[in-house]
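Engineer: Give me coordinates for this.
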Amino acid sequence: MSEQKNIQQESMQQENVQQQALQRNRMPAAWQAKWIDPELPHDKEARQPASYLRRTFTLEKTGEALLYITCHGLYEAWVNGQRAGDFVLAPGTGDYAKRLTVQCYDVSPLLQVGENEISVILGDGWYRGCVGIDGLRNYYGEDLALLCQLEIDGKPVLVSDEHWEASQEGPVRENDLQQGECYDARREEIRGWHSVTVRDYGFAALAPTMSVPILEQERFPGKVFTTPNGETVIDFGQNLAGYTQLEITAKAGDKITLRHGETLDENGNFTQKNFDPGDRNKNGIPQKIEYICKDGRNVYRPRFAIFGFRFAKVETDVDLTSAVFTAVAVYSEMPQTGFFECGNEDVNRLFLNSLWSMRSNFCDVPTDCPTRERAGWTGDAGIFAPTAVYLADCYPVLRKWLGECRLAQGEDGLVQNIAPVNNSGSMISNMLQGSAGWGDACVLVPWALYEAYGDRTILEENYDMMVRWLAFSKMRARKTRPHNLLNPYHRYLVDEGFHFGEWCQPDVDNGAAMKKAMMTGAPEPATAYFYRSASLLARIAGILGRREDEQYYTEISENAKKAYRHTCTKNGAIRSDRQCEYVRPIAFGLLDGDEIQAAADALNELVVKNGYHLNTGFLSTPDLTRVLAENGHADTAYRLLLQTEAPSWLYAVRKGATTIWETWDGIRADGTVHDSLNHYSYGAVTGWLFSGVCGIRLKAGDLTIRPYPDRCLGYAKAEWRSPAGTIRSAWEYREDMLLLDFSVPIPAEIILPNGEEHHVEEGEHHYELHL
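Structural biologist: The predicted structure is shown next:
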């Protein structure tokens, strides 16, 4: 098997519409294949080369040919020198001990009567490579293994078994998702073939692929420049998750090293310090490619590594004059569905930054960042899901991730903070599990998907998980700290257990906040989320026709609301200097009547006194502008949106950001950098550009359009290619006129800024308001 031949064939296939797509939800009727281990005895703690496997076989006829395949590790499969499918980093991630997905590809066009060859490359991947912030290795196992079965017209004609042969003498010498890949192009003519070993790993955890593949997507040409300290660096112009493809002419043995990073430091030099994991990961996160050239033209990109980066530092003696470097974005197949434009270019960039942080972190499952942790944090997904459904068709990705949440749920109903779990389960780690606002994602995400897609299936699939989470939350509420026992509803007050709380408020020390929460509890956010999940679950039970459950969760939510109001308000009045403590009760419905307006007015006053800066953190920021606009303070909401000094959304834009940052000041005023520069969470405000600025709201098939226009933008227009059809909303100020245009695919209610209500049918609708 020639590695270079495969690379050349793959390049041709990118322009070939016959490349075989993944067949979802298919499994063989019965497995005749055996698990095969391609490796010889070796040191399990030492990094190993990729394994190459091959098998020749003869066909007397062809027909509908389906290749079923999965592995321990990651794989690429080839049939007669052509790639089977375009799934990158297959079979994807997950809790492999409980569920390992099998892919099915229609490879009929790749086969021929007579002799054929199938070849497979295996890498470490999530299975035995570094995972999580701790960089744990061999998390699921120490082996690599292949299982595949080729069927023609439903009958197996080739299976993985003892007749295959393998080699570890190919060009991929080391590979790791976090660490990177070492590739020696001089080894592309592979030698050292030997027999494989059959293993009894069983089939119990195997499941069909229900989600979408991870794909290579946009490409960005790199520009080579020299930094002030004399280093050679490539700028691809966009922070993303993916890898670098290089094309270069060189001599055999020439070496090129690429290290990938998100930004430059305060002196304009390359840095990786902002995502340095510190002592928790002794290996660090070098995001490194080491490439050893062959004679002549070299074309290469990694197979089994993925990085978060905009820049790459080049270390080589090779002449780069004619070299071509291209950044390849890699993320799940999620067609963009949301499009937004307005008269403010900074806001337009903010929209794109949110979209790109979503793309960078929706790689099979939603993760927090593509560098330091790469973890499926529940809290991140919970707050971002209502925005995500506008931006892209993310239903399959979030559905798969919810399946991982179910697998990770404890027997007592506790929902893990991360799914799939990728930590060591230490005492400290276990203490931090089940945080309010994080565990509640098991309710919030299905609800967001249901409202956007109108499909009850997502509620049915996750109903048991939600019920068990609420049981855990109710059990936790039974324990009350002594200073809250006077609350007559204290059995519904959640002040026990660990909670991250609002998290990452701009002027609050996270460490101190965590310590305080552990010592005194966090009843405000924890009880608010207990109420929120219980009230939503009551509605979900009603939708699913579970009337007794509906009544039960309604009662819980009513009591949780009373508990919250007794401890966290004074007869519905709020006294706090934290904006989140106004946003949350308004957004969740914990206040009644005139209390809502009073709280919104007080929130507005806080924002104004704070110089039109927010001081919200992780949990309540997504609702901040909405709560203000819907309660008579749209002008303040826009002042917040357009604020350019930190903390604000546009501060990062003015600093040249092309993605959303983990913190409000990821690049400080002095140019120093810290923390991830590719976290989608604060980009949740983008959802308000659709639901508020342009007013598009789809609730399980019921469409309302109620825009909140403002002259400061001049104009705004949004298009959402929703599950109900394409929805468009646009408005523009022209002198003393406000022009509004809407296109709806279904009957809708349109509420104009002057309060007029119009019930309209499918079609185009135009309005003009004199100001």
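Engineer: When you work out contacts or count neighbours from here on, use the C-alpha atoms and nothing else.
Structural biologist: Will do.
Engineer: In the protein, where's the longest strand?
Structural biologist: With secondary structure taken from DSSP state E, the chain has its longest strand at strand 232-250.
Engineer: got a list of contacts for stretch 182-200?
Structural biologist: Residues outside stretch 182-200 that contact it (CA atoms under 8 Å, 6 or more residues apart in numbering): 1-4, 34-39, 161-175, 252-253, 289-294, 298.
Engineer: what number of residues lie near His766?
Structural biologist: 11 (other CA atoms under 10 Å).
Engineer: List the contacts of it.
Structural biologist: Leu739, Leu740, Asp741, Phe742.
Engineer: Tell me which stretches of the stretch 601-750 of the chain form helices.
Structural biologist: Counting by DSSP state H, counting those that start in this stretch, the stretch 601-750 of the chain has helices at residues 621-630, 634-642, 649-654, 686-688.
Engineer: Out of those, which one sits most buried?
Structural biologist: Among the helices of the stretch 601-750 of the chain, helix 686-688 has the highest mean neighbour count (mean count of other CA atoms under 10 Å), at a mean of 24.
Engineer: what's next to it, contact-wise?
Structural biologist: For helix 686-688, the external contacting residues (CA under 8 Å, 6+ apart) are Leu350, Phe351, Ser354, Pro386, Thr387, Ala388, Tyr390, Thr625, Arg626.
Engineer: Can you give me the buried ones in the helix or strand that the third one is a member of?
Structural biologist: If you go by DSSP states H and E, Ser354 is part of helix 345-361. Burial within helix 345-361, assessed by neighbour count using 16 or more other CA atoms under 10 Å, is assigned to 346-361.
Engineer: Can you classify the nearest residue to Thr58 once chain neighbours are set aside as helix, strand or coil?
Structural biologist: Counting by CA to CA, 6 or more residues apart in numbering, the nearest residue to Thr58 once its immediate chain neighbours are dropped is Glu115, at 4.4 Å. Per DSSP: H, G, I helix; E, B strand; the rest coil, the local secondary structure of Glu115 is strand.
Engineer: just the strands in the stretch 251-400 of the chain please.
Structural biologist: Counting by DSSP state E, counting those that start in this stretch, the stretch 251-400 of the chain has these strands, from start to end: 255-261, 263-264, 270-271, 288-292, 296-300, 307-316, 324-332, 338-342, 362-363, 365-366.
Engineer: Sheet partners, orientation included, of the last one?
Structural biologist: Based on DSSP bridges, the strands next to strand 365-366 in the sheet, each with its direction, are strand 362-363 (antiparallel).
Engineer: any residues touching the partner strand, and which ones?
Structural biologist: With CA under 8 Å, 6+ apart as the test, strand 362-363 has contacts from Ile214, Val330, Tyr331, Ser332, Val397.
Engineer: In contact with the third one, which residues?
Structural biologist: The reference is to Tyr331. Ile214, Leu215, Glu216, Gln217, Ala241, Gly242, Arg359, Ser360, Asn361, Phe362, Cys363, Asp364.
Engineer: try 7 Å this time
Structural biologist: Ile214, Leu215, Glu216, Arg359, Ser360, Phe362, Cys363 (CA atoms under 7 Å, 6 or more residues apart in numbering).
Engineer: again with the first one
Structural biologist: When contacts are counted by CA under 7 Å, 6+ apart, Ile214 is found next to Phe87, Val88, Leu89, Val330, Tyr331, Ser332, Glu333, Cys363, Asp364.
Engineer: State the pLDDT value of it.
Structural biologist: Per-residue pLDDT puts Ile214 at 98.
Engineer: ok, it to Thr659 distance?
Structural biologist: Here Ile214 is placed at a distance of 20 Å from Thr659 (CA to CA, to the nearest Å).
Engineer: quick one, phi/psi of Ala408?
Structural biologist: The phi and psi values for Ala408, taken as degrees, to the nearest 10, are phi -90, psi -10.
Engineer: ok, back up a step: pull out the buried members of the contacts of Ile214.
Structural biologist: Phe87, Val88, Leu89, Val330, Tyr331, Ser332, Glu333, Cys363, Asp364.
Engineer: right, and the second one touches Leu215 too?
Structural biologist: Yes: Val88 is in contact with Leu215 according to CA atoms under 7 Å; the separation is 5.4 Å.
Engineer: give me the number of residues near Ile306?
Structural biologist: Using other CA under 10 Å, Ile306 has 28 other residues around it.
Engineer: wait, Pro221
Structural biologist: For Pro221, the neighbour count with other CA under 10 Å is 17.
Engineer: ok, now Lys282?
Structural biologist: Per other CA under 10 Å, the neighbour tally for Lys282 reads 11.
Engineer: and if you look at the one 3 residues further on?
Structural biologist: A count of neighbours around Ile285, defined by other CA under 10 Å, yields 27.
Engineer: Roughly how far does it sit from Pro277?
Structural biologist: Ile285 sits 7 Å away from Pro277, taking CA to CA as the criterion.
Engineer: who does the residue nearest the centre of the chain bridge with?
Structural biologist: Nearest residue to the geometric centre of the chain (CA atoms, centre = their mean): Pro366, 2.4 Å. Beta-bridge partners of Pro366, counted by DSSP bridges, are Phe362.
Engineer: That one contacts Gly376, doesn't it?
Structural biologist: Yes: Pro366 is within contact range of Gly376, at 5.6 Å (criterion: CA under 7 Å).
Engineer: and stretch 667-683, how far out from the chain's middle?
Structural biologist: From the chain centre to the centre of stretch 667-683 is a distance of 18 Å (CA atoms, centre = their mean, to the nearest Å).
Engineer: coming back round to it: closest to Leu150 among the contacts of Ile214?
Structural biologist: Phe87 (17.5 Å; CA to CA).
Engineer: Test my guess that that closest one contacts Glu216.
Structural biologist: No: using CA under 7 Å, Phe87 is not in contact with Glu216, being 8.4 Å away.
Engineer: tell me how far stretch 586-594 is from the chain's mean position?
Structural biologist: Averaged C-alpha coordinates place stretch 586-594 at 31 Å from its chain's average position (CA atoms, centre = their mean).
Engineer: Pull out the buried positions in it.
Structural biologist: Neighbour-count burial for stretch 586-594 [16+ other CA under 10 Å]: Ile586, Ala587, Phe588, Leu590, Leu591.
Engineer: Same question for stretch 151-162.
Structural biologist: Within stretch 151-162, the residues scored as buried using 16+ other CA under 10 Å are Glu151, Ile152, Pro156, Leu158, Val159, Ser160, Asp161.
Engineer: Just the endpoints, please. Distance across that stretch?
Structural biologist: 18 Å.
Engineer: Show me what the mean pLDDT comes to for that stretch.
Structural biologist: 98.
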